[in-house]
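Trainee: need coordinates for the following:
(one chain, ligands or ions: 3)
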Amino acid sequence: METDSVRVESSLWIGNKRYRAFLSGWYFSWTEIDERNREKKTISVPVSEVIGVKEGRVEIQPQKKVEDTDLDFTLFYVKRNSKGKGIRVPWSLGRTQFCCPSRGVRDQWITQLRTALKTHSPSRPHRLLVFINPFGGKKRGKQIFHSLVAPLFELAGISSHVVVTERANQARDYILKKDLTGFDGVICVGGDGMFSELLHGVIGRTQQEAGVSEHDPTVMLQPCDLHIGIIPAGSTDCVCFTTMGINDPVTSTLHIIIGDSQPLDVCSVHYQSTLVRYFVSMVGYGFYGDVLAESERHRWMGPLRYDYSGCMVYLCNRSYPGQVQYLPADSHISSPRDNTRCLSGCRVCSESKERLFPHFNSSSSLYSANVSQYSSELEGEWVTIEGRFKCISLTCMSSSCPRSPKGLSPSAHLADGTADLILVREANPLGFLTYLHRHTNTQDQFDLPFVEVYRVKAVRFSLPPGEGEEEEEEEEEEEEEYEGADREIQASTESVLEDPEKLCCSNIAGHSQQHLAERKERGNVAMSRVKRPGFVCGPCCTKPRSVSVWNCDGEILPHTEISCRVHGQLVRLFARGIEDSTKP
Ligand SMILES: CCCCCCCCCCCCC/C=C/[C@@H](O)[C@H](COP(=O)(O)O)NC(=O)CCCCCCCCCCCCCCC
Ligand SMILES: Nc1ncnc2c1ncn2[C@@H]1O[C@H](COP(=O)(O)OP(=O)(O)O)[C@@H](O)[C@H]1O
Ligand SMILES: [Ca+2]
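Mentor: Ligands and ions are numbered 1, 2, ... in the order given. Next comes the predicted model:
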């Protein structure tokens with residue numbers, strides 16, 4: 001065996017074939033040598049994609065040594081499968097057993113490979129905090145973790161602390177309150193709702209520690225160091241699909257193990273001076289809000305509830321009046337109709353870092369938030385648009401999912417500090433169906449006369465005069481003054497809180513039981529809205545309705561007149577964006 005500081009080389013055997021193996025720089029490769037000493041095919045594995053090196057002949061599952069000779073070692077690495085559905089192929093675990101000429105050579109190979117791993121892959125996680133939602137999607141979260149994920153973590157030497165959730169928001173509260181020393185990342189096994197819990201936990205905790213007020217709509221939030229990983233086990237799994245290009249638990253696990261890092265834009269939603277929520281994929285009013293509200297009543301259908309509710313809401317053919325204001329992003333950098341796709345190593349995203357963090361000090365790796373406490377990203381001229389809309393959506397990323405492989409806005413970027421605002425004006429049912437259908441094929445969904453799209457940094461929404469929320473709140477106060485006057489409303493509210501299924505006469509029809517309970521606790525279920533004239537039953541109803549609800553990454557927001565702002569590259573995922581496997 002020859003070794004110097006950059007190169008290790010020796011003969012090795014795989015089965016009865018002889019190979020020349022090299023470890024040089026960032027790669028480990030082996031080339032078959034035939035009987036006449038001619039070189040044949042070479043296989044090359046980047047050290048950054050090595051999952052582990054074990055002594056002996058080791059099987060993957062169950063992980064055990066099948067034979068322990070003094071001459072063997074087994075290499076585990078990322079293998080790209082030859083076939084995938086889209087441009088992204090799934091990853092699986094590759095395994096090759098090598099036989100060395102002597103025990104000394106074997107030990108040297110193991111040591112050199114492990115040293116190379118430490119030097120060339122310094123950002124790998126060692127200890128992870130894992131949250132499993134046992135009820136997400138098809139309720140297979142626990143099984144997915146224990147059969148597919150845990151064995152790979154063990155192989156890679158990653159230890160994990162697992163929390164199987166017993167209630168909604170448990171994962172978020174855990175991250176906000178518990179001691180997280182020693183954890184290199186947090187992982188969710190679930191859907192977009194579960195990801196959202198981790199997102200709120202991680203952002204909230206980082207701001208608490210930095211002394212930044214999340215309620216201030218103009219403040220520059222502190223970027224989060226703790227990485228988030230997603231093992232898809234939900235219904236839509238849009239965040240996973242958009243950041244990976246595929247929903248596959250093994251692919252996600254391998255990206256976590258090798259410590260991939262993908263920055264991600266996050267949008268904050270404020271109502272006046274209160275933070276309502278954060279989102280990464282979508283906040284949608286009108287169609288998407290109504291679909292979610294309707295779908296909550298059919299949770300028992302599982303992931304199919306969205307298709308069923310989609311059809312029901314489509315048949316209602318509603319549109320809603322409102323005023324949308326937005327702050328345009330710099331149109332010289334990119335546009336939602338420039339036909340580009342944000343892929344792994346995206347130039348637009350990497351060039352955005354300097355603009356987003358002008359005070360980033362790379363030597364101390366600190367973002368000096370106090371240098372610019374208020375974001376300069378909020379400078380510029382606001383644009384106002386009024387009208388009736390079938391739907392209004394804002395998305396920080398393309399928001400693709402298996403249902404719509406190119407997503408809500410196919411050219412949106414994961415980490416450029418902007419979001420795309422899509423306005424679909426009142427249209428005939430066939431026109432709207434064409435718009436929806438174009439999400440599923442290659443036709444341009446923005447090339448329709450009633451659809452507009454803008455790349456933005458911030459958005460505000462308000463209802464037409466007379467429909468405003470402030471007025472609604474005034475009504476509410478008046479009602480309180482006449483306490484007891486309307487016992488009927490009181491009784492109906494209480495019965496609804498007891499049984500949210502009865503809530504079909506309100507614009508909070510979709511609130512989950514948990515959400516309602518929380519709001520009951522805070523005492524802020526808007527009574528005036530529970531039996532407000534103009535709100536009608538379910539989607540089957542034909543009476544007009546003038547106010548919809550906001551669907552915020554799968555949660556119904558308790559407010560209508562919201563303002564949203566993009567925080568560029570606020571969090572980091574264990575991902576690398578969509579790897580284009582059609583290119584070498
Ligand atoms: C005619 C075919 C129409 C296909 C339209 C596809 C539009 C897809 C846009 C997808 C945006 C996804 C944004 C992500 C949202 C998720 O965060 C969130 C939560 O997910 P979780 O339960 O996994 O936690 N999911 C959602 O809010 C679901 C929204 C889904 C909307 C799907 C609508 C399907 C519509 C079917 C309409 C059919 C009309 C047919 C008329 C005869
Ligand atoms: N143990 C639990 N019981 C009830 N709800 C939970 C539990 N754990 C998580 N949740 C909540 O369930 C919601 C949906 O979960 P998610 O994993 O996103 O699945 P899905 O994609 O099917 O909606 C999330 O908003 C999350 O807060
Ligand atoms: Ca973006």
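Trainee: can you dump the C-alpha atoms of stretch 9-24 in CSV for me?
Mentor: Provided in CSV are the C-alpha atoms of stretch 9-24 (Å, rounded to 0.1, in the frame of the first residue of the first chain):
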residue,chain,number,x,y,z
GLU,A,9,-3.3,3.4,-3.4
SER,A,10,-3.4,-0.4,-3.3
SER,A,11,-4.7,-3.5,-4.9
LEU,A,12,-8.0,-4.7,-3.6
TRP,A,13,-10.5,-7.5,-4.4
ILE,A,14,-14.2,-7.4,-4.8
GLY,A,15,-15.4,-11.0,-5.1
ASN,A,16,-12.8,-12.6,-7.3
LYS,A,17,-12.0,-9.6,-9.4
ARG,A,18,-8.9,-7.4,-8.8
TYR,A,19,-9.1,-3.7,-8.5
ARG,A,20,-6.7,-0.8,-8.2
ALA,A,21,-8.1,1.5,-5.5
PHE,A,22,-7.2,5.1,-5.0
LEU,A,23,-8.1,7.7,-2.4
SER,A,24,-7.0,11.1,-3.6
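Trainee: what residues sit buried inside it?
Mentor: S10, L12, W13, Y19, R20, A21, F22, L23 (16 or more other CB atoms under 10 Å). To be clear about C-beta, it is placed using only N, CA and C from the backbone, and glycine gets the same treatment.
Trainee: nearest to ligand 1, of those?
Mentor: Set against ligand 1, the nearest of these by CB to the nearest ligand atom is L23 (42.6 Å).
Trainee: skipping its backbone neighbours, what lies nearest the closest one in space?
Mentor: Spatial nearest neighbour of L23, chain neighbours left out: V8 (4.2 Å); criterion: CB to CB, 6 or more residues apart in numbering.
Trainee: what sits closest to E49 if chain neighbours are left out?
Mentor: Computed as CB to CB, 6+ apart, the closest residue to E49 that is not its neighbour in sequence is V78, at 4.0 Å.
Trainee: quick check: phi and psi at that neighbour.
Mentor: Main-chain torsions, V78, degrees, to the nearest 10: phi -80, psi 130.
Trainee: cool, and L433?
Mentor: Backbone geometry at L433, expressed as degrees, to the nearest 10, gives phi -60, psi -40.
Trainee: how about the residue of the stretch 301-450 of the chain found nearest ligand 2: what's its closest non-neighbour residue?
Mentor: Closest contact between the stretch 301-450 of the chain and ligand 2, by CB to the nearest ligand atom, is at P303 (6.6 Å). Nearest residue to P303 in three dimensions, chain neighbours excluded: S235, at 3.9 Å (CB to CB, 6+ apart).
Trainee: and that neighbour, how far from ligand 3?
Mentor: According to CB to the ion, to the nearest Å, S235 and ligand 3 sit 23 Å apart.
Trainee: what's near enough to touch G286?
Mentor: By CB atoms under 8 Å, 6 or more residues apart in numbering, the contact set of G286 is R318, S319, Y320, F389, K390, C391, I392, V424, S548.
Trainee: so which of those residues are in strands?
Mentor: Among the contacts of G286, the members found in strands (DSSP state E) are Y320, F389, K390, C391, I392, V424.
Trainee: hey, what's the last one bridged with?
Mentor: With DSSP bridges applied, V424 shows beta-bridge pairing to C391, V451.
Trainee: then the first one?
Mentor: Under DSSP bridges, the beta-bridge partners of Y320 are F389.
Trainee: in this structure it contacts Y285, no?
Mentor: Yes. Assessed by CB atoms under 8 Å, Y320 is found in contact with Y285 at 7.0 Å.
Trainee: what about the residue nearest to E49, how many residues nearby?
Mentor: 19 (other CB atoms under 10 Å).
Trainee: how much space between I231 and W30?
Mentor: I231 sits 32 Å away from W30, going by CB to CB, to the nearest Å.
Trainee: neighbour-wise, which of those two wins?
Mentor: Neighbour tally, I231 and W30, criterion other CB under 10 Å: the higher count belongs to I231, 28 against 22.
Trainee: mind listing what that one touches?
Mentor: Here I231 is in contact with I144, F145, V149, I187, C188, V189, G190, P249, S252, T253 (criterion: CB under 8 Å, 6+ apart).
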